[in-house]
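Undergrad: the following block contains a protein sequence and its predicted model.
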Amino acid sequence: MARRPPGAIRAQRWPARKKDVPPARQVSGVPHRTRAAINQLEARHLWRGAVAEALHHYERFLRQPGRYLSLPWDDCPCCNPAEARDILGEALRLLPPAARAGLQKIVTPLDAEYLRRTLPDPVAASISPWHAEAWWRQRVRER
């Protein structure tokens with residue numbers, strides 16, 4: 001009787017996981033080293049694809065037509081621009097300086113667009129310490 005190779009036996013015991021796990025979204029337009037640093041950061045502090053998803057939601061929010069931005073429903077966590085910007089801010093804070101510069105090149109024009117299409121909220125800082133710690137939470141958006 002012919003002997004089966006050990007790799008064939010292991011393949012039967014543990015099915016390939018690549019088919020089970022959907023591919024994570026990748027940040028495009030950044031150098032390879034920045035992408036590697038983002039992947040390392042996600043493995044340690046965030047979840048797989050968190051930065052790319054946050055960037056996607058932030059960009060999609062800013063693509064709205066019109067002069068002013070209108071907010072999505074507050075109870076929808078999947079499309080909240082403040083949460084997306086929080087994740088991007090956390091990534092920018094935790095990335096090493098060289099990788100931070102690559103991601104900052106993408107986020108800076110988006111922030112400029114957000115500032116252009118919103119107004120400062122004079123009472124936002126007094127609502128809570130959470131609102132006071134980030135500039136993007138202190139902006140008035142049309143509802």
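TA: Noted; the coordinates are in hand.

Undergrad: from now on I want contacts and neighbour counts done on CA atoms only, so please keep to that.
TA: OK.

Undergrad: chain center to whichever strand or helix holds A37: distance?
TA: Under the criterion of DSSP states H and E, A37 resides in helix 32-44. In terms of CA atoms, centre = their mean, to the nearest Å, the centre of helix 32-44 is found 12 Å from the chain centre.

Undergrad: quick one, strands of the chain?
TA: 119-120, 139-140 (DSSP state E).

Undergrad: neighbouring strands - and their directions - for the first one?
TA: This points to strand 119-120. Taking DSSP bridges as the criterion, strand 119-120 forms sheet pairs with strand 139-140 (antiparallel).

Undergrad: would you list the strands of the chain in JSON lines and tack on mean pLDDT, distance to R33 and mean neighbour count?
TA: Formatted as JSON lines, the strands of the chain follow (pLDDT from 0 to 100; distance: least, CA to CA, whole Å; neighbours: other CA atoms under 10 Å):
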{"stretch": "strand 119-120", "mean pLDDT": "82", "distance to R33": "36", "mean neighbour count": "14"}
{"stretch": "strand 139-140", "mean pLDDT": "75", "distance to R33": "33", "mean neighbour count": "20"}
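
Undergrad: give me the low-pLDDT residue ranges for this protein?
TA: Low-confidence segments of the chain, defined by pLDDT under 70: 1, 11, 13-24, 70-79, 141-143.

Undergrad: how does it look with 50?
TA: In the predicted model of the chain, no residue satisfies pLDDT under 50.
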